[in-house]
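Q: Give me the fold of what follows.
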Amino acid sequence: QVQFVESGGGTVQPGGSLRLSCTASGFTLADYGVAWFRQAPGKEREGVSCISSHDGATYSADSVKGRFTISRDNARSTVDLQMNDLKPEDTAVYCCNAVFYTSQYWGQGTQVTVSS
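A: Numbers count the residues shown, from 1 in each chain. A predicted model of the protein is given here:
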């Protein structure tokens with residue numbers, strides 16, 4: 001049974017940190033490029049960070065560069081998003097997406113709220 005599950009969301013004050021994780025089962029995550037997306041109420045879905053499958057190259061959107069770090073542990077079938085110096089505008093549902101050619105999986109999403 002294929003599962004791709006996010007965890008680690010919650011509520012944090014501005015300037016705080018959270019670590020999100022995406023855990024895969026039922027497929028070989030190491031074969032997949034993985035991206036984190038987010039969607040705030042009333043806004044379009046936005047790509048946040050991504051990491052490649054073969055060399056671990058990463059890319060982050062300008063809005064999070066220097067604050068968010070994406071990493072992967074293929075032995076544990078996880079991709080993490082370390083989020084530091086969080087701002088109220090980072091509030092959104094965060095979800096991960098894994099892609100390998102025509103095969104694609106989405107997680108169900110986890111809420112991140114940044115509020116004082």
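Q: the strands in the chain, which residues?
A: Secondary structure of the chain (DSSP state E): strands located at 3-7, 10-12, 18-25, 33-39, 46-51, 58-60, 68-73, 78-83, 92-100, 103-106, 110-114.
Q: could you dump these to TSV with mean pLDDT and mean neighbour count?
A: Any C-beta I mention is one placed from the backbone N, CA and C, and that applies to glycine too. What follows is these, written out as TSV (pLDDT from 0 to 100; neighbours: other C-beta atoms under 10 Å):
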stretch	mean pLDDT	mean neighbour count
strand 3-7	93	17
strand 10-12	98	14
strand 18-25	97	20
strand 33-39	98	21
strand 46-51	98	20
strand 58-60	97	15
strand 68-73	97	18
strand 78-83	98	23
strand 92-100	97	21
strand 103-106	96	14
strand 110-114	97	18
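Q: who touches stretch 79-92?
A: 12, 14-22, 29, 34, 36, 38-40, 43, 46, 48-49, 51, 63-64, 67-73, 94, 96, 98, 111-115 (C-beta atoms under 8 Å, 6 or more residues apart in numbering).
Q: From the chain's centroid, how far away is it?
A: 9 Å (C-alpha atoms, centre = their mean, to the nearest Å).
Q: now do stretch 37-49
A: Worked out by C-alpha atoms, centre = their mean, stretch 37-49 lies 11 Å from the chain centre.
Q: okay, how far is it across that stretch, tip to tip?
A: 7 Å (C-alpha to C-alpha, to the nearest Å).
Q: Could you do stretch 82-91 as well?
A: Stretch 82-91 end-to-end distance (C-alpha to C-alpha) = 15 Å.
Q: In this structure Val93 contacts Arg38, no?
A: Yes: look at Val93 against Arg38 with C-beta atoms under 8 Å: they come within range, at 6.6 Å.
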